[in-house]
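K.L.:
let's see this in three dimensions:
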Amino acid sequence: MSLQITDSGKILYKGREVGEHRFENGKSTVTLNISYDTEWDEWWTPLSLFAIGLGELPENRPTAADLSLETPEDGTTEELPSTRFLIERIVRQGSYIWKFHKTDVDNWPSQLHGHDYDKALKFDAITGQIYDAVTRQHCRSLKPKHLKDIQANLRASKDFAEKVAQLIDK
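P.N.:
Residues are numbered from 1 along each chain as shown. The predicted structure is shown next:
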């Protein structure tokens, strides 16, 4: 069961008041006091998701770099033969910028998913469902035509073609 926020700003969990939201002088203040019981070993998972949410607050974001340097293309001494791999595919669609990582270690929401880091969303490229990356709740679905466009884009990539064939084309 998720948290509920009443019109008065009270935050409820399982019907009990566990916090409140106040908006004063153009600023929101959220106060939480929550406890929960769990029978599984990963009791820290809800806290991790809460920590991710706190990390999105402006005061917890890293400051921008104060120094940016650029070296010219001809500024290197020699070029050595080496194998280089594309580790991600960026698919822009409308206001979304989906980043697909070839070596993504997490398989949620599926083995073939993209991230829109600016919007804190994850996109399941198999089903077309879009999730809030923090709460893991399904919040949108991509229209079938747009899903097929993204799948075609991934299919055309040498780094993702095999995964598309395995998970979508089967």
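
K.L.:
what's in contact with the strand or helix carrying L154?
P.N.:
Taking DSSP states H and E as the criterion, L154 maps to helix 144-155. Helix 144-155 is touched from outside by 89, 91, 93-94, 98, 100, 112, 114, 123, 125, 128, 142, 160-161, 163-165, 168-169, with contacts defined as CB atoms under 8 Å, 6 or more residues apart in numbering. The C-beta positions use only the backbone N, C-alpha and C, and glycine is treated the same way.

K.L.:
same question, stretch 24-43
P.N.:
I11, Y13, V18, G19, E20, H21, R22, F23, P46.

K.L.:
same thing but at 6 Å, please
P.N.:
Stretch 24-43 is touched from outside by Y13, V18, G19, E20, H21, R22, with contacts defined as CB atoms under 6 Å, 6 or more residues apart in numbering.

K.L.:
A120 and R155: what is the separation?
P.N.:
27 Å (CB to CB, to the nearest Å).

K.L.:
so what are the domain limits for the chain?
P.N.:
Following automatic domain parsing, one gets these domains for the chain: 4-56, 88-169.

K.L.:
hey, which of these is tucked in deepest?
P.N.:
Sort the domains of the chain by mean neighbour count, taking mean count of other CB atoms under 10 Å, and domain 88-169 sits at the top with a mean of 15.
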